Each structure stands twice: as structure tokens, then as C-alpha cells.
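Q: Structure of the sequence below:
(one chain, ligands or ions: 3)
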Amino acid sequence: MSPAQPDRLLVVENDCNPLKLSASLAGRGYRVDTAAAVAAAMEKIRRDSYDLVLLDQASTGTSSLDLLRLVRATHSPDELPVIMVTRAGETQTAMDALHVGANDYVVHPVDLPVVTARIEEQLSRLRPRYRHRRRSRVREAADVAKYETDPLTGLATRRAIVERLREAIAVRRDTALTLIALDLDGFRVINDSFGQTAGDRILVELARRLRRTVARCESVVIARIGGDEFAALAEGTHDAASLAGRILQEVVRPMEIGDLQISAAASLGVFAGAPGGSTAEDVLRDAHLAMYRAKELGKNRWQQFEPELRTRARARMALVHDLRYALERSEFRAYYQPKVNLRTRKIVGFEALIRWRHPVRGLVYPGDFIELAEETGMIVPIGEWVLQQACRQLRAWQSQFPQAPLTMNVNLSVKQLIDPNLVERVAAILDETDVAPQSLNLELTETALMTNIGPARSALTGLRNLRVGLKLDDFGTGYSSLGYLRAMHFDSLKIDKSFVTRMTSDGECRAIVESMARLAQALGMTVVAEGVELEEHLTELLRLGCEVGQGFYFSPAVDAERAEQLLERSCGSALG
Ligand code: C2E
Ligand code: MG
Ligand code: MG
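A: Ligands and ions are numbered 1, 2, ... in the order given. You can find the predicted model right below:
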């Protein structure tokens, strides 16, 4: 052996083996690396240029034959000699190993001089050729590393982790594994608010934390598989829940980025089990389905994959398909929920709420399709249809009931708000339907605004210049500053129904409603309560100075015909 360039050995052995071969061989002048599991060993073999692999089957069990098969799929016995350590008396196993492609075997317990002699025998046979080969392999490894390493974080890439997953599945379909898919929550907001450089630094810091979290588990591979998406692959499933929990804990710990303190959050999907008939891509998709579910369930959490999620995904695809045709098949209906003056109990206007009359499913509520419509961009034409319908209806009711100065509220999706044609389209619809801009109120949720601050601001200014009203919907469910929203031209806020419905049973909710009402009034904004379900809510709201409300106590959203009957009644006597 040349002392300047020691031969590199990879010893695959059980971590807990007290008679570690690796330690003894390192003492003999070899450069020794170790791996305790198939995946970790393959990763090392692919990345580094070893001269020989010593596979301790006596301590790692039957998976060493699988590893041998994998090694032989990419390296011939001449390129990378493998020596097996088999248990005493297991002649058949030794024969199997030779059959699969081991160059030699030694029997456990190993006699150090014997194993060194066998290693030297293999190395000396190959030495004249492999010096050259090693050089070219180092170059190859560098090329591979280029597309297998993410340049920003230094983690493995999507391609690399999928490859590792493929290998793990190829070895044995019934061996359990864990794949965790992680997606940062609201990373776009961070990027938009603090800039791309801060965003990059967060990703780098996160990569560092992920590495540290798994540092003690040898077989875990961490990868960055998309802009703000990461993945962790581990052998076995026993640690899946605790690994997901530990990762989540690391993500939410505040980060110091320059002089900023940033708190990130993430949604994790966990596939834990044997892949069975699934491919690597299937497993990755399943982990993603679980991750989307974690997002749906409120984000900043982890969710385990269940086969039912595949059924849901298929149903969702079917819904997207139907949604594409719903508009041209005239399947949407505008429903109207009365807004009531809490003191006089008379209707002062309506909120238009969309319903979908699906030919098979029956009446579908917005909670089941608005998000899909937003994701697919279909919300823009759908939202415009609602606006047109609501304005037309308002005009008709205004003529029919001139004694009641009615207004109409229409919900606007953020996708509509950032559509460059929005202001022009709203102006055209007001014009076509002959509705005064002051009698139209557009409702936006604060969460929608926070994700698109820049374009939203200019659209809001345009709408304000048209003199339509701007209402902040579902107030209290986001994290915005009221002063800031006031500056964005909102004249009114709607306290979210989750606070109103609980305000008489839960002291904390009552206090929240009270402080929101006070704050809004101090800023010169009017307060509207949604979710008025009981007489007590009404009494309490009036006490807090809230003048207008809507809710099941007065009426749910109803079709135009029923709304008209309510109006007739309201013009005669009070509702509720
Ligand atoms: P939102 O704008 O906050 O509308 C209020 C929701 O609360 C409506 O649900 C309404 O039916 C329900 N609600 C009314 N009174 C009560 C009550 O007393 N108690 C309770 N628990 N709930 C009450 P809906 O119609 O299912 O709509 C859900 C959401 O879907 C709406 O929330 C809005 O964000 C969205 N949405 C509805 N129509 C449209 C639309 O045309 N365009 C867009 N972009 N979004 C829409
Ligand atoms: Mg609304
Ligand atoms: Mg609301």
C-alpha cells in the first residue's frame, strides 16, 4: 500500500457490533468508511470512489445480499471487489453471495490477519488497473454530484432522492420505509415581504437544521426537491412520527436572518410503510397527498398518508373537470343572505353567495369548490358572473323596493384582485346594470390580501376611485394590522362568524369581538357581524356599537325568489 494514498474501504456493518471490523482495519492503514444500512451504503458507493467493500452479513443480516445485487448492477467484480463476512456454518449463504457477485468471503468471527490477507489479495490483483480507474471514477463522481446536489443548500436534489427511493424499492418491496415531504407554509409571503435573498437564507438555514435533526440517524437522506420543498427518506418506519415531529419543531424555531427574526412554518406529509406495488414516483406522490392534506387541515402540522387520500385526489380531479364546464352549462346560482340593521331589524342589503347545482351531486357549497376554482384560475370568470348577476338583481330590487336603500356585497377572490382587468370590468358591469358604485360592496379576506400585497394595493386604489365600498371579510382569522388595512382603503370590517357565534358562551371571544369593534370604530370603519345565530348575539352586538349583522337568526342565504319574499316582509315589518 502506498502510504501517500491509502486504499479506501467501505465496511458495511451493524452500528452496535462491539467487535467493529472498521476500527481494526483503520488501524491497519486503510482509509475506512462505514455504513449500517443498505441505502446509506449505496449512497456512499455512488458518491465516493472505494477500492473494496467489506460486507458484514453476520451483523447486518439478509439485506447484505440485496446490497450486493445493487452494487453489481453498477460495478463489476473487477471494478469494485466485495468481500462478504458470513456466519460460521452458513455455507449456503456464502455460496449465494459468490453467486450474486461477491469476490470472496471470510467467516465470522473474523481473524484480522486473515481478512487483511484476503483484502490485499483482491487489491493487488486489481491495483495495476484501478489507479487509473479511480481517477476517472472521481471525475465521474464529481459530474454526478453536480446534478445530484442542490447548489443553494448542498442537499440532495429531487432526482437524487427519487433515485435512492427507486433503489430502496428495487431491493425489496415489502421492506418498510419512511418518506417525508415538507413544504414551507406561506413562503411566498416571506419572499415578497423580505426579498429573495432573505428567502434563500431561510432555505439554507432550514437545510442546516434538517441535516442536524437527522445527524444521528445514518440512513436518512435529506433533499431539496423544489423551491421551498424538502424531503427526507429513511429506512424503516419506527421513527416516522418522531422524525416528522422533530423536523417540524426545527422549522418553527425562530430564525435570525440579518437583523430580522423570522418564524417559518411547514406542512409535512409522511409516507410510512412498505411500498408494495408502488413505484418511487407513487411513493413521492403519496407523501405529497398527505402534505396537501396537512395544508388543508390548517398547515404547520404533519399528516400521515392514508389510501383514502388517493380517492380524495381522484374525486378532486373529477370536480375540476366538472367545474370547467359548469359556467357554460349554467349550473351556478347566486344566493342572497340578508344584511340586517340590528336596531330596526330591517333588511339593508344582501351578500351574494354562490351555489353550484351539480347535475349529480346536487347543491354544492362554495367551501367545496371555491379553492379549486382559485387554484385553476376559473374563479376569475366565475367571480365575474356572480358580480354581474348580483348587480342585475340589486338593480331590479332597488326599482321594486325604492323605500329600502339596498346595497349588495359580493365576495372577491384574490385571483380576481390581481387580475389587471378587474377595475375596468367592475366599472363596465356597474355601467351595464345601471348600479350606483356606492351601493356595491366588495368583500375581501385579510389572508388573501396578505399574500399579494403589491398588486392588491393598486387594484384597491382603483376600486376606491370607482367609489365602490371595500369590506374586510372574516376579520380576526388572519394576522393583519388594522391600521395597515385602513390605509388600503377598507371602510368596513366583518367580524368573522367564529367569534360572533361563540361570543355569549366564551368570554375570550366576547373580549375579542369587543376589542375589534372598538378598534374599527376608532379608525372610522364600520363593523358588520356575521354569524348572528341567537337573540343574545344581537343584544350583545348592539351593546358593542355594531349596527349591521347577518346570520341564521335572520335568514340563511336563499335563492332570489325567497330573498324577494324576505324583502317584501322586511318592508312591511321587521325580521327576526
Ligand atoms: P363568507 O363570505 O364569509 O360568507 C359567509 C358564510 O357564512 C356563508 O357560507 C354563509 O352561508 C355562512 N353563514 C351565514 N350566516 C351564518 C350563521 O349564522 N352561522 C354560520 N355558522 N354560518 C353562517 P357559504 O355561502 O358557504 O360561503 C362560504 C364562503 O365561500 C364565503 O364566506 C366566501 O368566502 C366564499 N364565497 C361564497 N360565494 C363566493 C363568491 O361568489 N366568490 C368568492 N370568491 N367567494 C365566495
Ligand atoms: Mg363574504
Ligand atoms: Mg365571512
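
Q: From here on, just use CA atoms for contacts and neighbour counts.
A: Noted.

Q: residues from the stretch 251-400 of the chain in reach of ligand 1?
A: Neighbours of ligand 1 within the stretch 251-400 of the chain, by Cα under 6 Å from any ligand atom: 353-354, 365-367, 383, 386.

Q: Just among the residues you listed, which is most surrounded?
A: With neighbours set by other Cα atoms under 10 Å, the maximum within those is found at Ile354, which has 23 neighbours.

Q: so what's the backbone phi/psi at it?
A: Note on Ile354: backbone dihedrals following degrees, to the nearest 10 are phi -80, psi 150.

Q: With adjacent residues omitted, what lies nearest to it?
A: In space, Ile354 comes closest to Ala334 once its chain neighbours are excluded; the distance is 4.7 Å by Cα to Cα, 6 or more residues apart in numbering.

Q: Could you report the neighbour count for that neighbour?
A: Around Ala334 sit 20 other residues, with neighbours defined as other Cα under 10 Å.

Q: and it, that one's in a helix?
A: No: the secondary structure assignment for Ala334 gives strand rather than a helix, going by DSSP: H, G, I helix; E, B strand; the rest coil.

Q: was I right about it contacting Ala557?
A: No: proximity of Ala334 to Ala557 does not meet the contact threshold set by Cα atoms under 8 Å, at 9.2 Å.

Q: now the most far-flung residue of the chain relative to its centre: how far from ligand 3?
A: Distance from the centre of the chain peaks at Pro113, with 54.8 Å (Cα atoms, centre = their mean). The gap separating Pro113 from ligand 3 is 78 Å, by Cα to the ion, to the nearest Å.

Q: And Ala181, by the same measure?
A: Noted for Ala181: a distance of 32 Å to ligand 3, by Cα to the ion.

Q: still on that earlier bit, are there residues contacting both of Ala334 and Ala557? Which ones?
A: Common neighbours of Ala334 and Ala557, using Cα atoms under 8 Å, 6 or more residues apart in numbering, are 352-353.

Q: what number of residues lie near the nearest residue to Ala264 once chain neighbours are set aside?
A: Nearest-residue entry for Ala264: Val252, 5.3 Å, with adjacent residues in sequence omitted and distances by Cα to Cα, 6+ apart. Number of residues near Val252 (other Cα under 10 Å) recorded here: 15.

Q: now Asp56
A: Burial of Asp56, expressed as a neighbour count using other Cα under 10 Å, amounts to 26.

Q: what sits against the nearest residue to it once chain neighbours are set aside?
A: Residue nearest to Asp56 in three dimensions, not counting chain neighbours: Val85, with 4.6 Å by Cα to Cα, 6+ apart. When the contact criterion is Cα under 8 Å, 6+ apart, the partners of Val85 are 54-58, 105-108, 110.

Q: Val85: which element?
A: Under the criterion DSSP states H and E, the helix or strand holding Val85 is strand 82-86.

Q: I'd like the next helix or strand past that strand.
A: The C-terminal neighbour of strand 82-86 among helices and strands, as given by DSSP H and E, is helix 91-100.

Q: Output the contacting helices and strands for that next one.
A: helix 63-74, strand 82-86, strand 104-107 (3 or more Cα pairs under 8 Å, 6 or more residues apart in numbering; DSSP states H and E).

Q: now the strands for the stretch 201-350 of the chain?
A: With strands called from DSSP state E, counting those that start in this stretch, the stretch 201-350 of the chain shows them at 221-226, 229-235, 255-257, 260-262, 266-273, 302-304, 332-341, 347-358.

Q: Return the set of buried residues in the fourth one.
A: Applying a neighbour-count criterion of 16 or more other Cα atoms under 10 Å, one finds Ile262 buried in strand 260-262.

Q: And that strand, how far out from the chain middle?
A: With Cα atoms, centre = their mean, to the nearest Å as the basis, strand 260-262 stands 22 Å off its chain's centre.

Q: Equivalent analysis for the first one, please.
A: Using Cα atoms, centre = their mean, the mean C-alpha position of strand 221-226 is found 14 Å from that of the whole chain.

Q: How about the residues of the protein by ligand 1?
A: Neighbours of ligand 1 within the chain, by Cα under 6 Å from any ligand atom: 353-354, 365-367, 383, 386, 411-413, 473-474, 531-533, 550-552, 556-557.

Q: hmm, back to that, as a whole number, average confidence for whatever helix or strand the residue farthest from the centre of the chain lives in?
A: According to DSSP H and E, Pro113 maps onto helix 112-148. In this model, helix 112-148 carries a mean pLDDT of 71.

Q: what about the very next helix or strand once past that helix, average pLDDT?
A: Beyond helix 112-148 on the C-terminal side, the first helix or strand identified by DSSP H and E is strand 156-157. Across strand 156-157, the average pLDDT comes to 92.

Q: just stretch 238-246 next, same as before
A: Mean per-residue pLDDT for stretch 238-246: 91.

Q: And that stretch, what's buried?
A: In terms of neighbour count (16+ other Cα under 10 Å), stretch 238-246 has its buried residues at 240-241, 243-244.

Q: Can you add distance to Glu424 and give those back as CSV?
A: Formatted as CSV, the buried residues of stretch 238-246 follow (distance: Cα to Cα, whole Å):
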residue, distance to Glu424
Ala240, 52
Ala241, 51
Leu243, 51
Ala244, 48
